[in-house]
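Peer 1: next comes the sequence, and after it the predicted model I'd like to discuss.
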Amino acid sequence: MDGTTPSRARIRAIMGVLTSREALEQAIAEHAGLIDEHDRRMSHEPVWTAFVRGFVGMLPLWVGAIPTGIAYAVAARSIGLAPGETQLMSLLVFSAAAQVSAVSLFDAGTLILVLVGTAIAFNAQLPLLGLAITSQIRMGWLSRLVTAWFLTDGAFGVAAGQGRLRLPILLGAGVSMYVAWNTGTALGILAGQAVPDPRRAGLDLLVPLAFLAVLIPLLRGRAALLAALVAAAAMLLLSSLVPSGVAVLGAGGLGSAAGAWWSRRTGGRP
């Protein structure tokens with residue numbers, strides 16, 4: 001009896017450990033099952049429903065997109081762009097930062113290569129977003145082209161926040177922002193046409209104001225905040241001293257330098 005008692009105690013202890021481990025594994029499996037079930041349910045969601053969900057998820061960002069589009073359009077009209085040219089730029093370029101900077105550089109008579117380079121620089125993050133998307137979603141070449149056309153930071157954020165990244169949600173969010181941006185542009189064109197001489201009315205001041213509006217989404221992290229604040233201050237100062245195109249270039253350069261300096265100083269911490 002004395003020789004068997006310790007063995008039974010050890011067996012009970014081992015069984016207790018195994019039971020606890022099995023309970024833990026079962027809980028983990030059940031939790032994973034819930035996650036898998038959610039993913040399965042979302043993957044079987046109709047394409048149109050997912051598209052609408054992405055479109056609606058983008059609506060809160062319209063509050064910033066439409067006023068910025070209005071400011072861009074009025075500024076574009078103030079430097080002499082025709083209504084059709086102003087709207088066509090929003091339809092084809094679809095980038096607040098690139099379009100606002102282009103308006104400023106047009107006004108300063110900048111070379112076309114500088115315009116193209118500035119637009120590329122303002123959208124340098126999009127290839128990285130594209131890589132993240134293609135790593136999660138298998139797409140043909142046509143789907144890639146359509147996705148690239150409507151891709152924005154906000155659309156990616158809305159789609160990623162809905163759970164597993166899905167193409168219909170991403171496209172719905174992108175189309176939603178496309179509608180908002182072009183609606184704002186159209187409203188700005190109508191507002192600009194109501195003023196016979198935009199420059200005499202002082203509407204050319206909307207160029208620096210539109211530039212400041214573009215900076216608002218960049219306020220993430222200390223380095224980006226510092227860069228945006230320096231760029232905003234420089235834009236306000238330079239716009240009264242030099243042409244708006246030169247002011248945009250100078251403000252962008254000073255803001256980028258300030259953000260880079262802070263990143264080096266903090267070792268890249270946000």
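Peer 2: That came through fine.
Peer 1: can you pull out the helices in the protein?
Peer 2: Counting by DSSP state H, the chain forms helices over residues 5-43, 47-57, 62-78, 83-92, 96-107, 112-122, 126-134, 141-150, 153-160, 167-193, 206-215, 222-238, 244-265, given from the N-terminal end onward.
Peer 1: how is the protein partitioned into domains?
Peer 2: With automatic domain parsing as the criterion, the domains of the chain are listed as 1-44, 47-205, 219-270.
Peer 1: got JSON lines for the helices of the chain, with mean neighbour count too?
Peer 2: Just so you know, the C-beta spots here come from the backbone N, C-alpha and C atoms, and that holds for glycine as well. JSON lines is the format used below for those (neighbours: other Cβ atoms under 10 Å):
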{"stretch": "helix 5-43", "mean neighbour count": "10"}
{"stretch": "helix 47-57", "mean neighbour count": "17"}
{"stretch": "helix 62-78", "mean neighbour count": "24"}
{"stretch": "helix 83-92", "mean neighbour count": "16"}
{"stretch": "helix 96-107", "mean neighbour count": "24"}
{"stretch": "helix 112-122", "mean neighbour count": "14"}
{"stretch": "helix 126-134", "mean neighbour count": "14"}
{"stretch": "helix 141-150", "mean neighbour count": "13"}
{"stretch": "helix 153-160", "mean neighbour count": "21"}
{"stretch": "helix 167-193", "mean neighbour count": "22"}
{"stretch": "helix 206-215", "mean neighbour count": "23"}
{"stretch": "helix 222-238", "mean neighbour count": "18"}
{"stretch": "helix 244-265", "mean neighbour count": "19"}
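Peer 1: now the ones you listed in CSV, with mean pLDDT?
Peer 2: Putting the helices of the chain into CSV (pLDDT from 0 to 100) gives the following:
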stretch, mean pLDDT
helix 5-43, 51
helix 47-57, 94
helix 62-78, 86
helix 83-92, 95
helix 96-107, 80
helix 112-122, 74
helix 126-134, 89
helix 141-150, 94
helix 153-160, 89
helix 167-193, 94
helix 206-215, 58
helix 222-238, 77
helix 244-265, 73
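Peer 1: nearest spatial neighbour of residue 119, chain-adjacent residues omitted?
Peer 2: Of all residues not flanking residue 119 in the chain, residue 98 sits nearest, at 3.8 Å (Cβ to Cβ, 6 or more residues apart in numbering).
Peer 1: just to check, the one you found is in contact with residue 123?
Peer 2: Yes. The pair residue 98 and residue 123 qualifies as a contact (Cβ atoms under 8 Å) at a distance of 6.2 Å.
Peer 1: tell me who's in contact with residue 255.
Peer 2: The contact partners of residue 255, taken as Cβ atoms under 8 Å, 6 or more residues apart in numbering, are 215, 227-228, 230-232, 234.
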